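Undergrad: Just the structure for this:
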Amino acid sequence: MNPSPRDLLRRMFDAAVNAAQPVHCIPPHLPARPKGRLIVIGAGKASAAMARAVEDHWDGPLEGLVVTRYGYAVPCQRIEIVEAAHPVPDAAGLAAATRIVERVRGLTPDDLVLCLISGGGSALLALPHEGITLEDKQQVVRALLKSGATISEMNCVRRHLSAVKGGRLAAACHPAKVVTLLISDVPGDNPMDIASGPTVPDPTTCADALSIIKRYGIDVPARVRALLESGESETVKPGDPRLAGIDTRMIATPQMALEAAAHIAREAGFASHILGDSIEGEASDVGKVMAGIALQVAQRNQPFQPPCVLLSGGETTVTVRGEGRGGRNVEFLLSLAIALGAQPGIHAVAGDTDGVDGLEEIAGAFVAPDTLARAWAQGIKPRDALAENDGHGFFEALGDSMVTGPTLTNVNDFRAILLTENVAREN
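TA: Next up is the predicted model:
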């Protein structure tokens, strides 16, 4: 029995998430046992699951501390798990970051620090640079989240307001060897943008951070501006001898997740086309572009022939101007649905692989050919919802939200547009 379009889309999403589960990704990348101690540290939405995988597959003594998002803890025996807030940092994240830095001080060249980093670590490692407060950082982060800045731009600012990001954590580990295992949640898989790069050098500058703040008209506290203008919060640069021995390993990426989903689609008889794993831009604009591609396939059999699946990943942005709750995946889907105009035979899903779209405990949603009609029947105006950045409210009202709970991993956004054979026949 063939699965329904929604069931197939959900299976593809689940396969993408499963491909990035630490239980699969960690064991092949564990380093050799050191002569001295093994200290495990880390931060991110997947860090607790990563820590558990290390414990289950390490054959020697170890100790450590990692910080993850509230609700994402996994029981460990030897590695302490701390929970903190995301995406806006809190006091628990500050305390955890302080303790992590304390744990890696005073190590020797015989010791090994295994750093487990995944998306979300920028907020969870919340140790402000000297001269600014946690409240200052919270204000800046809230403004950045609403500004429309890309993840790379946001993390540039966050690196220069931190006492632990931008290579500073690895510098604190010196002279111990540092091996970092990364699960990428950023377009392009650049290590310095994953959790704002706590163990890798950073070529960007305080001047770059100030330029981003100016570009988006962000009103920052006077202490923050003064710190950046002084240059005193400059990050650790390439060539710094304290980072000479770092070993950075990318163990899971958005591309891997998309390939896993493509396999599920092919098994169901659909040709699979990956359009990109690092697509950025305003979510509503990306929705229009993807709708245009889908309509060209449906109506012209170009550049692909249905039945097929169009897959993409990356991290779009939402510049919140309305009274809605934001959420880049639901914003993308609502824009997509409007642009498709109820074209028969096209279904879609979009969701954040960590299970949280924006500030909501909702991964994303589904779109079907009757999405607009069902909304109108309830008196909901899709274009008004989009103008208010209220994708979550829109799809909740239709019963089309996708709720996964904590997935314990994060390889960014997942999008799939399914074009059934019926589309080609009707056109």
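
Undergrad: Look up how far residue 293 lies from the nearest residue in space to residue 232 that is not next to it in sequence.
TA: Taking C-beta to C-beta, 6 or more residues apart in numbering, and ignoring the residues beside it in sequence, residue 232 has residue 131 as its nearest neighbour in space, at 7.2 Å. C-beta: built from backbone N, CA, C; applies to glycine. The span separating residue 131 from residue 293 equals 48 Å under the rule C-beta to C-beta, to the nearest Å.

Undergrad: now residue 222
TA: Relative to residue 293, residue 222 is positioned 47 Å away (criterion: C-beta to C-beta).

Undergrad: Compare the two and say which is more crowded by neighbours.
TA: In this view residue 222 and residue 293 are compared by other C-beta atoms under 10 Å, and residue 293 has more residues nearby, 17 against 8.

Undergrad: Please identify the helix or strand for that one.
TA: Secondary-structure element containing residue 293, defined by DSSP states H and E: helix 283-300.

Undergrad: Give the next helix or strand downstream of that helix.
TA: Along the chain past helix 283-300, the next helix or strand (assigned with DSSP H and E) turns out to be strand 308-314.

Undergrad: show me where pLDDT drops low in this structure?
TA: Residues of the chain meeting the criterion pLDDT under 70: 1, 421-427.

Undergrad: how distant is stretch 66-84 from the center of its chain?
TA: Centre-to-centre, stretch 66-84 and its host chain are 18 Å apart (C-alpha atoms, centre = their mean, to the nearest Å).

Undergrad: residues making contact with it?
TA: 40-52, 54-55, 62-65, 85-86, 90, 92-93, 95-97, 99-100, 116, 120, 123-126, 356, 406, 408 (C-beta atoms under 8 Å, 6 or more residues apart in numbering).

Undergrad: Take those residues and keep only those in strands.
TA: Cross-referencing the contacts of stretch 66-84 with the strands (criterion: DSSP state E) gives 40-43, 63-65, 116 as the overlap.

Undergrad: Which one (most neighbours) among these?
TA: Using other C-beta under 10 Å as the contact criterion, the top neighbour count among the ones in strands among the contacts of stretch 66-84 goes to residue 43, which has 36 neighbours.

Undergrad: so that residue bridges to which residues?
TA: Using DSSP bridges, the beta-bridge partners of residue 43 come out as residue 67, residue 117.

Undergrad: Touching, it and residue 195? I think so.
TA: Yes: Residue 43 sits in contact with residue 195 when judged by C-beta atoms under 8 Å, with a separation of 5.8 Å.

Undergrad: what about residue 275, helix or strand, and which?
TA: Taking DSSP H and E as the definition, residue 275 sits inside strand 271-279.

Undergrad: give me every residue that touches the residue nearest to residue 324 when sequence neighbours are not counted.
TA: Distances taken as C-beta to C-beta, 6+ apart place residue 390 nearest to residue 324, at 2.9 Å, with adjacent residues excluded. Applying C-beta under 8 Å, 6+ apart to residue 390 gives the contacts 322-325.

Undergrad: hmm, back to that, who touches the strand holding residue 275?
TA: Strand 271-279 is contacted from outside by 187-189, 253-255, 258-259, 261-263, 265-266, 286, 290, 293, 304-305, 307-314, 316, using C-beta under 8 Å, 6+ apart.

Undergrad: Among those, the buried ones, what's the ChimeraX command?
TA: For selection in ChimeraX, the members of the contacts of strand 271-279 meeting the burial criterion (16 or more other C-beta atoms under 10 Å) are listed in this command:
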select :187,189,253,254,255,258,259,261,262,265,286,290,293,304,307,308,309,310,311,312,313,314,316
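
Undergrad: In contact with residue 161, which residues are there?
TA: Under the criterion of C-beta under 8 Å, 6+ apart, the contact list for residue 161 reads 128-129, 132, 136-137, 140, 209, 224, 227-228, 233.

Undergrad: Could you export those as CSV, including secondary structure, neighbour count and distance to residue 20?
TA: Converted to CSV, these look like this (DSSP: H, G, I helix; E, B strand; the rest coil; neighbours: other C-beta atoms under 10 Å; distance: C-beta to C-beta, whole Å):
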residue, secondary structure, neighbour count, distance to residue 20
128, strand, 24, 30
129, coil, 23, 31
132, coil, 21, 34
136, helix, 19, 33
137, helix, 25, 28
140, helix, 24, 29
209, helix, 26, 30
224, helix, 26, 34
227, helix, 23, 36
228, helix, 25, 34
233, coil, 22, 32
